[in-house]
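S.K.: Structure for the following, please:
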Amino acid sequence: MNLLRMLRDSTGLDLSEATVERARRERMQAVGLTARVDYAPCPGTPEFEALVDLVVVPESWMLRDPAVFNAALRFVQRRILTAHQANAQVRILSLPCAGGEEPYSMAMALARAGIPAARCRIDAVDLSRAAIARARQGRYTRNAFRGADLAFRERWFTQEDDAWLIRPELRDYVCFRQDNLFTMGAGPDGGYDLVFCRNLLIYFDADGQRRAAEAIDALLAAGGMLLSGYAEVPAFCRHGYTPAPGRDVFTLHRQADVRGAAARRPVRMPAAPAAALPAVPLSAPGPAQAGPAPQDLLARARGHANAGGLLDAEAACRALLAARPDHAEACFLLGLVAECRGDAPEAQRCWRRCLYLQPEHYEALCSLALLHERSGADALAASLRQRASRIYQRRPRTRS
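M.R.: Residues are numbered from 1 along each chain as shown. Here you go, the predicted model:
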């Protein structure tokens, strides 16, 4: 078996010949070999692991995409509040963890919220031994801190020459280890409540994406949440995941969990058919006739949907659309509710309406692309994914 195939099979990465050849040359020079035939590292050996470190090029920084950590913190807080056992521990997996920037960022969010390390364990895993060694050292250069607001660095790091060391109280949250997603086996009993898997599937081919989704599925606890990269949402959704209702497109749940939660809730039929729900005025002549503001109805719909109250979420969306028929976000959320009910035609109708009102609605494009893929309309799905990709590339990045 050639080196390219061995590296692909071992890592799951869709590596190019050029990438492997550069790594081969660097390692041959490091060990003093000149003939290609003499360089034949075997999987599992230290030399093969050194080669893997060269083809895995992790890059991250502290608090990359702050909204992701805010969503993760809210989920952890809900998990703690609804735990059946006192002092139950929330379990988090960060994979790949690169040099520790992601798990330590999560530790900062937990510490800032007053959640002690005893209540939340973070397992940080990466394929690269070199990355894990850097993470355990906890020493970061200026490149790990980006954006204008770096006040957190003064709180959680100690400066040493031209580097910053992570403080011990954050180290207590995180346990690092080198491992491979495809061979790491089962997680803790009951699985991980929260899994970070961002910017990994983009390096896999279609089969690798399927294998990765299946491996994560085996690691995720019932009712758990997956945090993915923006560009990876469609890939995860092709393999059993669905975006959480709302604008946080990077938060995903297993479809079985979402539908199961909906099925467990008592069915409460609305007093009148959805189409007959009264319009909610945007303005009213007097306080006695004033109804909820559109933003309040939207927040209400999102809250019901996040809690699994699909009927209540649908009623709030339709009440909002009765007052504001041009409200694209309400159409998008109504489509998500329909998808969770298993009503694909209604979901498609809602998302098409959303795109008519807001042609660059990224989440609607991704969701509609996935829907068409499932029905076999691959060409239409590919066109929608291309539109979504162009919009994603134009999105401003918020860093802190």
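
S.K.: Identify the residues contacting residue 186.
M.R.: By CB atoms under 8 Å, 6 or more residues apart in numbering, the residues touching residue 186 are 218-219. Just so you know, the C-beta spots here come from the backbone N, C-alpha and C atoms, and that holds for glycine as well.

S.K.: hey, where'd the strands end up in the chain?
M.R.: Assignment of strands within the chain using DSSP state E yields the ranges 90-94, 120-126, 139-140, 157-160, 163-166, 174-178, 192-197, 220-228, 241-243, 251-254.

S.K.: rank those by pLDDT, which is bottom?
M.R.: Per-stretch averages of pLDDT across these put strand 241-243 at the bottom, with a mean of 83.

S.K.: contacting residues for residue 136?
M.R.: By CB under 8 Å, 6+ apart, the neighbours of residue 136 are 100, 176.

S.K.: What separation is there between it and residue 125?
M.R.: Going from residue 136 to residue 125 by CB to CB, to the nearest Å gives 13 Å.

S.K.: which residues do those two both contact?
M.R.: Common neighbours of residue 136 and residue 125, counting by CB under 8 Å, 6+ apart, are residue 176.

S.K.: Would you convert the strands of the chain into a markdown table that also reports mean neighbour count and distance to residue 106?
M.R.: Below are these laid out as a markdown table (neighbours: other CB atoms under 10 Å; distance: least, CB to CB, whole Å):
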| stretch | mean neighbour count | distance to residue 106 |
| --- | --- | --- |
| strand 90-94 | 26 | 6 |
| strand 120-126 | 24 | 6 |
| strand 139-140 | 20 | 15 |
| strand 157-160 | 14 | 16 |
| strand 163-166 | 18 | 13 |
| strand 174-178 | 18 | 8 |
| strand 192-197 | 25 | 7 |
| strand 220-228 | 22 | 10 |
| strand 241-243 | 24 | 20 |
| strand 251-254 | 23 | 14 |
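
S.K.: any chance of those in JSON lines, plus distance to residue 382?
M.R.: Below are the strands of the chain laid out as JSON lines (distance: least, CB to CB, whole Å):
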{"stretch": "strand 90-94", "distance to residue 382": "32"}
{"stretch": "strand 120-126", "distance to residue 382": "32"}
{"stretch": "strand 139-140", "distance to residue 382": "40"}
{"stretch": "strand 157-160", "distance to residue 382": "45"}
{"stretch": "strand 163-166", "distance to residue 382": "43"}
{"stretch": "strand 174-178", "distance to residue 382": "37"}
{"stretch": "strand 192-197", "distance to residue 382": "24"}
{"stretch": "strand 220-228", "distance to residue 382": "20"}
{"stretch": "strand 241-243", "distance to residue 382": "19"}
{"stretch": "strand 251-254", "distance to residue 382": "21"}
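
S.K.: Looking at the ones you listed, spot the one closest to residue 361.
M.R.: Of all these, it is strand 241-243 that lies closest to residue 361, at 12.7 Å by CB to CB.

S.K.: packing partners for the closest one?
M.R.: strand 251-254, helix 255-264, helix 328-341, helix 362-374 (3 or more CB pairs under 8 Å, 6 or more residues apart in numbering; DSSP states H and E).

S.K.: can you put the ones you listed in CSV and add distance to residue 216?
M.R.: Formatted as CSV, the helices and strands packed on strand 241-243 follow (distance: least, CB to CB, whole Å):
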stretch, distance to residue 216
strand 251-254, 10
helix 255-264, 13
helix 328-341, 20
helix 362-374, 17
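
S.K.: hang on, the earlier thing: and the strands of the chain: which comes nearest residue 315?
M.R.: Of these, nearest to residue 315 by CB to CB is strand 241-243, at 20.9 Å.

S.K.: what does that closest one contact?
M.R.: Outside strand 241-243, the residues within contact range by CB under 8 Å, 6+ apart are 213, 226, 233, 237, 249, 251-255, 258, 336, 339-340, 363, 366-367.

S.K.: And for stretch 100-116?
M.R.: By CB under 8 Å, 6+ apart, the residues outside stretch 100-116 that reach it are 60-64, 69-70, 72-73, 76-77, 80, 92, 94, 97, 117, 120, 122, 124, 134-136, 138, 140, 144, 152, 156, 166, 169-170, 173-174, 176, 196, 198.

S.K.: can you do 6 Å?
M.R.: 60-63, 69, 73, 94, 97, 120, 122, 124, 135, 144, 156, 166, 170, 173-174, 196 (CB atoms under 6 Å, 6 or more residues apart in numbering).

S.K.: What of stretch 348-364?
M.R.: 249, 326, 328, 331-332, 334-335, 367-368, 371, 388, 391.

S.K.: can you do 7 Å?
M.R.: The contact list for stretch 348-364 (CB atoms under 7 Å, 6 or more residues apart in numbering) reads 243, 247, 249, 326, 328, 331-332, 334-335, 338, 365, 367-368, 371, 388, 391-392.

S.K.: In ChimeraX, how would I select just the buried ones from those?
M.R.: In ChimeraX syntax, the buried subset of the contacts of stretch 348-364 is picked out as below (16 or more other CB atoms under 10 Å):
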select :243,249,328,331,332,334,335,338,365,367,368,371,388
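
S.K.: worst average pLDDT in the helices and strands packed on strand 241-243?
M.R.: For the helices and strands packed on strand 241-243, the weakest mean pLDDT is recorded on helix 255-264, namely a mean of 54.

S.K.: Tell me the spacing between residue 149 and residue 66.
M.R.: 10 Å.

S.K.: Which one's more surrounded, these two?
M.R.: The neighbour comparison of residue 149 against residue 66 (other CB atoms under 10 Å) goes to residue 66, with 15 against 10.

S.K.: so where's the stretch 201-350 of the chain shaky on pLDDT?
M.R.: 231, 245-249, 256-291, 305-309 (pLDDT under 70).
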